[in-house]
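**Student:** Using only what follows, build the 3D model:
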Amino acid sequence: MAQKHDFDSPLIAKLEHGANLTPADRARLREIAGASRKVDPRTTLIRDGEEPRGAYLVLDGIACRCKVLQNGSRQILAYLLPGDTCHLDLKSLREMDHSISTISECTIVDIPRDVIDDLALHHPHIMRALQWSALADESTLREWLVGMGRRNAVNQMAHLFCELLIRLRAIGHALEDSYDLPLTQEELGDALGLSVVHVNRILQALRQERLVSFKGRRLTILDFERLKERAGFNPNYLHLTSPLQAART
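**Tutor:** From the prediction side, this is the model:
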């Protein structure tokens, strides 16, 4: 029987890729996610150099990890999607070395230190899943570094679009070939190290190749296999298909 994901909770849907959660685990995660708040677009949740007093969970919308340079330019280091968490290893982190900001309007959960301590003591499956999530984040960052160093700009963009589709599918936030993409061209450029003018040209090129189309903020991938080939995309770095999942099917 195929594994059934809890798509009503993006956090549970994501973490079930990393561990076999118990009913008590799921109930605890729903309890944690219940204390959420709405955050406006382009709001800084915590700045580079500040001491983290808790972790953040994104329940809806898109946020990002980023570095802002002295000249005001920004490099986005990761897009944070529903179900993603930030800096859970608080005991080892005295101050932030990057900022966390929302991109779209987001639903955010502030997770205090004592809640994380409680999970470590009483919910080992959740902690194992969170460790898997942190390792997947590191793997994704490595893939982004490879892309910026060795892929041309068009292939970088194609690779990002493939990645977002797979990540959003995993939490039930994408259809087979389309998803909402509330990112400006500037925000895409900040992730790929490209100017807005260059991003615009790349999007036109992908449209002309009939690989993607846009309707408002909705991205449709017209031919996923060709886009994967164009990007050289292999989703193994996302670690969304694991031996655990295989054992459940």
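**Student:** just the strands in this structure please.
**Tutor:** Along the chain, the segments classed as strands by DSSP state E run 36-39, 44-46, 54-60, 63-68, 74-80, 85-86, 99-102, 106-112, 178-180, 212-215, 218-221.
**Student:** May I have the fourth one exported as PDB, CA atoms only?
**Tutor:** It refers to strand 63-68. Only the C-alpha atoms of strand 63-68 are listed here, as PDB (Å, rounded to 0.1, in the frame of the first residue of the first chain):
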ATOM      1  CA  ALA A  63      10.400  32.700   3.500                       C
ATOM      2  CA  CYS A  64      14.200  32.600   2.900                       C
ATOM      3  CA  ARG A  65      17.600  32.400   4.500                       C
ATOM      4  CA  CYS A  66      19.700  35.300   3.300                       C
ATOM      5  CA  LYS A  67      22.900  37.400   3.700                       C
ATOM      6  CA  VAL A  68      22.800  41.200   3.200                       C
END
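**Student:** what inclination does it have with respect to strand 74-80?
**Tutor:** Per axes from the mean of the first three to the mean of the last three Cα atoms, to 10 degrees, the angle that strand 63-68 makes with strand 74-80 is 160 degrees.
**Student:** For strand 63-68, name the packing helices and strands.
**Tutor:** The contact analysis (3 or more Cβ pairs under 8 Å, 6 or more residues apart in numbering; DSSP states H and E) places strand 63-68 against strand 74-80, strand 99-102, helix 185-192. Placement of C-beta: from N, CA and C, glycine included.
**Student:** rewinding a little: the strands of the chain into TSV, with extra columns for mean pLDDT, distance to Lys14 and mean neighbour count?
**Tutor:** Shown next, in TSV, are these (pLDDT from 0 to 100; distance: least, Cβ to Cβ, whole Å; neighbours: other Cβ atoms under 10 Å):
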stretch	mean pLDDT	distance to Lys14	mean neighbour count
strand 36-39	96	16	14
strand 44-46	95	19	17
strand 54-60	93	10	21
strand 63-68	96	15	20
strand 74-80	97	11	19
strand 85-86	89	9	21
strand 99-102	96	18	22
strand 106-112	95	14	19
strand 178-180	97	15	17
strand 212-215	96	25	14
strand 218-221	98	21	17
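**Student:** any chance of those in CSV, plus distance to Gly149?
**Tutor:** Output for those, formatted as CSV (distance: least, Cβ to Cβ, whole Å):
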stretch, distance to Gly149
strand 36-39, 33
strand 44-46, 28
strand 54-60, 28
strand 63-68, 17
strand 74-80, 14
strand 85-86, 25
strand 99-102, 23
strand 106-112, 30
strand 178-180, 27
strand 212-215, 24
strand 218-221, 25
